[in-house]
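Enquirer: What follows is a predicted protein model with its sequence.
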Amino acid sequence: IGFSLEDEKAQIDRFQQYLRIQTAHPNPDYAGAVSFLSSQARSIGLKILTLEFTPGKPLLLLSWAGTDPSLPSILLNSHLDSVPADSSHWIHPPFSAYRDSDGRIFARGAQDDKSIAIQYLEALRNLKGRGFSPLRSIHVSLVPDEEIGGADGNEKFVASQEFRMLNVGFVLDEGQASPTDEFRVFYADRLPWSLIVNAVGAPGHGSKMYDGSAAENLMECVEAIVRFRDSQFDLVKAGIRAGSEVISVNPVYLKAGTPTPTGFVMNVQPSEAEAGFDVRLPPTESIDVLRKRINEEWAPISRNMTYQLTQKGPSRDVTGRPLVTPTNASNPWWSVFKQAISASGGKLGKPEILSSTTDARFMRQMGIPTLGFSPMANTPVLLHDHNEFLKDTVFLNGIKVYENLISALSSFHSDVGV
Ligand code: MET
Ligand SMILES: [Zn+2]
Ligand SMILES: [Zn+2]
């Protein structure tokens, strides 16, 4: 069933309204987002529950009861928050949701991931309007703080009694855009760690040559990390591994020296220096390999170096297995998913590991099969980038894709007890 032009205009309009809410860190307007989405849910006829595991950080849970609520349910997840956007680098203001003559809608969150929230809701609206009746209950979770690690958001949600009561059998969460005409689907995320290295050393006159300054120690660390980074990146460049199948260690800040009102003191060698690195690990890789390297090579105690290596979130599920959702016959949801994509006329690429990290890892931690998927084919990958946009036609097609997915998943009769 096609949309009328009226319908399409209204759907795009609601997407733009949501995009105009200032959801960027460090002060996302959660109240505004929850209020807008609640009013949408009310107009669709979904049950609305607002949970607040952390004060000021609401989580919106929308539900449509199935005809057999004893069956495991379907959960559609999207995060409310966005990363910041520096408007000086944007051709249209990042919270304007400006639609240009090519139909491109520019906004922070257009791809990551405010599009899927509205697509879920519009798909549910259309299914309701058509008299569809789900066998399994369908839930939509709109969660805070994904972009800062999810500790006060999805991590608390999956640990809650409210979550357990949902009896979730399968989850869809965000994925990434695809530059080709094949949709991308993700069965795992890389695991996020952060590494902070601290170097100390004797201070000295800026002109003095001596061994063991803090900056020298830190530079040696950085050089060793660059070599490791190159070894990983070479595997990608040679086509041996996908970018998400290697360990990435990328510098995100460097800190040393004595600031002055106009710059830095230029003739004193500092006695302390620090560097921060974003580390991402494929889900089956162990951090121990890296820890050994840091101890021996990157930040050896023999050079008075110290470090903090911290993880955001889990690395294993409740049974001790890696956070990976099977994409084979052992996972009956996988074939339902695949068939629904082809029924909607879409092509699907080979399942991938997501190079970044999402809240999906918390659902996988609970042992729930979870796929990362955002229906954005023929679209450049612009998450966290300047001038993030989504084309109106791609957005509208995504609604159709979710109608197929949601109706297939929620109607799934299983004989294997899932
Ligand atoms: C560090 S947890 C994940 C935050 C964000 N989604 C990212 O991939 O960077
Ligand atoms: Zn995201
Ligand atoms: Zn993001």
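Expert: Sure thing, it's come through. Numbers count the residues shown, from 1 in each chain. Ligands and ions are numbered 1, 2, ... in the order given.

Enquirer: Tell me where the chain has helices.
Expert: For the chain, the helices defined by DSSP state H occupy 5-19, 30-44, 114-129, 154-158, 161-166, 214-237, 287-293, 332-343, 360-365, 392-411.

Enquirer: Now tabulate the ones you listed in JSON lines and tack on distance to ligand 2 and mean pLDDT.
Expert: In short, each C-beta sits where N, CA and C put it, glycine included. Putting those into JSON lines (distance: least, Cβ to the ion, whole Å; pLDDT from 0 to 100) gives the following:
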{"stretch": "helix 5-19", "distance to ligand 2": "14", "mean pLDDT": "97"}
{"stretch": "helix 30-44", "distance to ligand 2": "14", "mean pLDDT": "98"}
{"stretch": "helix 114-129", "distance to ligand 2": "9", "mean pLDDT": "98"}
{"stretch": "helix 154-158", "distance to ligand 2": "11", "mean pLDDT": "98"}
{"stretch": "helix 161-166", "distance to ligand 2": "20", "mean pLDDT": "98"}
{"stretch": "helix 214-237", "distance to ligand 2": "22", "mean pLDDT": "98"}
{"stretch": "helix 287-293", "distance to ligand 2": "23", "mean pLDDT": "96"}
{"stretch": "helix 332-343", "distance to ligand 2": "20", "mean pLDDT": "97"}
{"stretch": "helix 360-365", "distance to ligand 2": "10", "mean pLDDT": "98"}
{"stretch": "helix 392-411", "distance to ligand 2": "15", "mean pLDDT": "98"}
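
Enquirer: which one of those is the most hemmed in?
Expert: Across the helices of the chain, averaging neighbours per residue (mean count of other Cβ atoms under 10 Å) puts helix 360-365 on top, at a mean of 26.

Enquirer: pull the CA atoms of that helix into PDB?
Expert: The C-alpha trace of helix 360-365 is given here as PDB (Å, rounded to 0.1, in the frame of the first residue of the first chain):
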ATOM      1  CA  ALA A 360      22.500  -3.400  21.700                       C
ATOM      2  CA  ARG A 361      25.300  -4.900  23.800                       C
ATOM      3  CA  PHE A 362      23.200  -4.600  26.900                       C
ATOM      4  CA  MET A 363      20.400  -6.700  25.400                       C
ATOM      5  CA  ARG A 364      22.900  -9.200  24.100                       C
ATOM      6  CA  GLN A 365      24.400  -9.300  27.600                       C
END
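
Enquirer: Tell me if stretch 245-264 is near ligand 1.
Expert: No: judged by Cβ under 6 Å from any ligand atom, stretch 245-264 and ligand 1 are separated, with a smallest distance of 10.6 Å.

Enquirer: measure that stretch end to end?
Expert: With Cα to Cα, to the nearest Å as the measure, stretch 245-264 spans 40 Å from end to end.

Enquirer: From the rest of the structure, what touches it?
Expert: By Cβ atoms under 8 Å, 6 or more residues apart in numbering, the residues outside stretch 245-264 that reach it are 190, 195, 214-215, 218, 222, 225, 228-229, 232-233, 235-236, 265, 268, 270, 272-282, 285, 290, 353, 355.

Enquirer: make it 7 Å
Expert: Here stretch 245-264 makes contact (Cβ atoms under 7 Å, 6 or more residues apart in numbering) with 214-215, 218, 222, 225, 228-229, 232, 235-236, 265, 268, 270, 272-282, 285, 290, 353.

Enquirer: Now do the strands in the stretch 151-300 of the chain.
Expert: Using DSSP state E, counting those that start in this stretch, the strands found in the stretch 151-300 of the chain span residues 168-173, 182-183, 186-189, 191-200, 204-205, 248-256, 259-260, 263-264, 268-269, 272-281.

Enquirer: what are the pairing partners of the second one, and which direction each?
Expert: Spelled out, that is strand 182-183. strand 347-348 (parallel) (DSSP bridges).

Enquirer: before we move on, what about the fifth one?
Expert: Listed by DSSP bridges, the sheet partners of strand 204-205 and their directions read strand 268-269 (antiparallel).

Enquirer: Looking at the strand it pairs with now, give me its mean pLDDT.
Expert: Mean pLDDT, strand 268-269: 98.

Enquirer: How far does that strand sit from its chain's centre?
Expert: With Cα atoms, centre = their mean, to the nearest Å as the basis, strand 268-269 stands 41 Å off its chain's centre.

Enquirer: One more: stretch 248-258?
Expert: 23 Å.

Enquirer: cool, and stretch 223-238?
Expert: 24 Å.

Enquirer: CA atoms only: put that stretch into CSV for me.
Expert: Output of stretch 223-238 as CSV, limited to C-alpha atoms (Å, rounded to 0.1, in the frame of the first residue of the first chain):
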residue,chain,number,x,y,z
GLU,A,223,55.0,5.9,18.8
ALA,A,224,54.5,2.4,20.1
ILE,A,225,50.7,2.8,19.8
VAL,A,226,51.0,4.2,16.3
ARG,A,227,53.0,1.1,15.3
PHE,A,228,50.3,-1.2,16.7
ARG,A,229,47.6,0.9,15.1
ASP,A,230,49.3,0.6,11.7
SER,A,231,49.6,-3.2,12.1
GLN,A,232,45.9,-3.4,12.6
PHE,A,233,45.0,-0.9,9.9
ASP,A,234,47.3,-2.7,7.4
LEU,A,235,45.1,-5.8,7.8
VAL,A,236,42.1,-3.7,6.8
LYS,A,237,44.0,-2.0,3.9
ALA,A,238,45.1,-5.3,2.6
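
Enquirer: Many thanks, we can stop here.
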